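Colleague: here is a sequence together with a model predicted from it:
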Amino acid sequence: EAQVTQNPRYLITVTGKKLTVTCSQNMNHEYMSWYRQDPGLGLRQIYYSMNVEVTDKGDVPEGYKVSRKEKRNFPLILESPSPNQTSLYFCASSPRQTYSNQPQHFGDGTRLSIL
Amino acid sequence: SQQGEEDPQALSIQEGENATMNCSYKTSINNLQWYRQNSGRGLVHLILIRSNEREKHSGRLRVTLDTSKKSSSLLITASRAADTASYFCATDSRAGTASKLTFGTGTRLQVTL
């Protein structure tokens, strides 16, 4: 089954404790992206990757890191999480995102609570 | 930055009625997409309309696009309780060599029996 898989689905942690949210897709997609969803603000893009070893900042990249060493994986890293990063996070992928007209496939989300 | 703005923010209708949601945006686009999000789940792509198209249908969904007014509408006909969800428009616009998808804040649709 074609899917985008995020782990963990839920995480409660404390300020300053490094964490990684994994994202994996099995569709051989070139493009992957991370979003955060907050009430009243919709989805905002954190980082995106056009292909392996190619990443770029989205609209709200502060406090986050990403890497794209393999095509299928795109982990989101919070080196020193803070309470304002409490949010619902989504990973998404699409075949490519260069001059394209293609929808994105979303994971089921990761709900992070930073205390 | 948020480009798409959905209207209304919330909509409650009875099963069998039609539901119309509107989306306005600010800059030129390659295409506009509509997504559905069930509570606690990820977004699911519904329909994509390109900037040179004016109307598109998919089952009970009808999407229109007016690029002169920078607006789009999503019509769900003969709604069902299972249509209860949040609906988001997303504009795909050029950003260098990439295209960037920008989401609105969504419309919460409640369909009651």
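Modeller: Received, thanks.
Colleague: how about the residue nearest the centre of chain A, secondary structure?
Modeller: Centroid-nearest residue in chain A, with C-alpha atoms, centre = their mean: residue A:34, separated by 2.7 Å. The three-state label for residue A:34, taken from DSSP: H, G, I helix; E, B strand; the rest coil, comes out as strand.
Colleague: so which bits of chain A are right by chain B?
Modeller: Contacts of chain A with chain B, taken as C-beta under 8 Å from any C-beta of the partner chain, map to A:4, A:33, A:35, A:40-45, A:48, A:50, A:56, A:59, A:90, A:92, A:97-109. To be clear about C-beta, it is placed using only N, CA and C from the backbone, and glycine gets the same treatment.
Colleague: which residue ranges of the chain form strands?
Modeller: By default, I'm working from chain A. A:4-7, A:10-13, A:19-25, A:31-38, A:42-51, A:54-57, A:65-66, A:76-78, A:87-94, A:105-106, A:110-114 (DSSP state E).
Colleague: that answer is for a different chain, and I need it for chain B
Modeller: B:5-7, B:10-14, B:19-24, B:31-37, B:43-50, B:55-58, B:61-66, B:71-76, B:85-95, B:98-103, B:107-112.
Colleague: circling back: which of the residues of chain A next to chain B are buried?
Modeller: Applying 16 or more other C-beta atoms under 10 Å in any protein chain shown to those, the neighbour count classes A:4, A:33, A:35, A:42-45, A:48, A:50, A:90, A:92, A:97, A:100, A:102-107, A:109 as buried.
Colleague: beta partners for residue 47?
Modeller: Chain wasn't specified; assuming chain A. residue A:34, residue A:57 (DSSP bridges).
Colleague: that's the other chain; I wanted chain B
Modeller: residue B:34.
Colleague: next, count neighbours for it.
Modeller: By the criterion of other C-beta atoms under 10 Å in any protein chain shown, residue B:47 has 18 neighbours.
Colleague: picking that back up, would you turn the strands of chain A into a markdown table with mean pLDDT?
Modeller: What follows is the strands of chain A, written out as a markdown table (pLDDT from 0 to 100):
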| stretch | mean pLDDT |
| --- | --- |
| strand A:4-7 | 97 |
| strand A:10-13 | 96 |
| strand A:19-25 | 98 |
| strand A:31-38 | 95 |
| strand A:42-51 | 92 |
| strand A:54-57 | 92 |
| strand A:65-66 | 98 |
| strand A:76-78 | 98 |
| strand A:87-94 | 96 |
| strand A:105-106 | 94 |
| strand A:110-114 | 97 |
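Colleague: which one of these lies nearest to residue B:17?
Modeller: strand A:42-51 (25.8 Å; C-beta to C-beta).
Colleague: so what does the closest one touch, helix or strand wise?
Modeller: Here strand A:42-51 touches strand A:31-38, strand A:54-57, strand A:65-66, strand B:98-103, going by 3 or more C-beta pairs under 8 Å, 6 or more residues apart in numbering or on different chains; DSSP states H and E.
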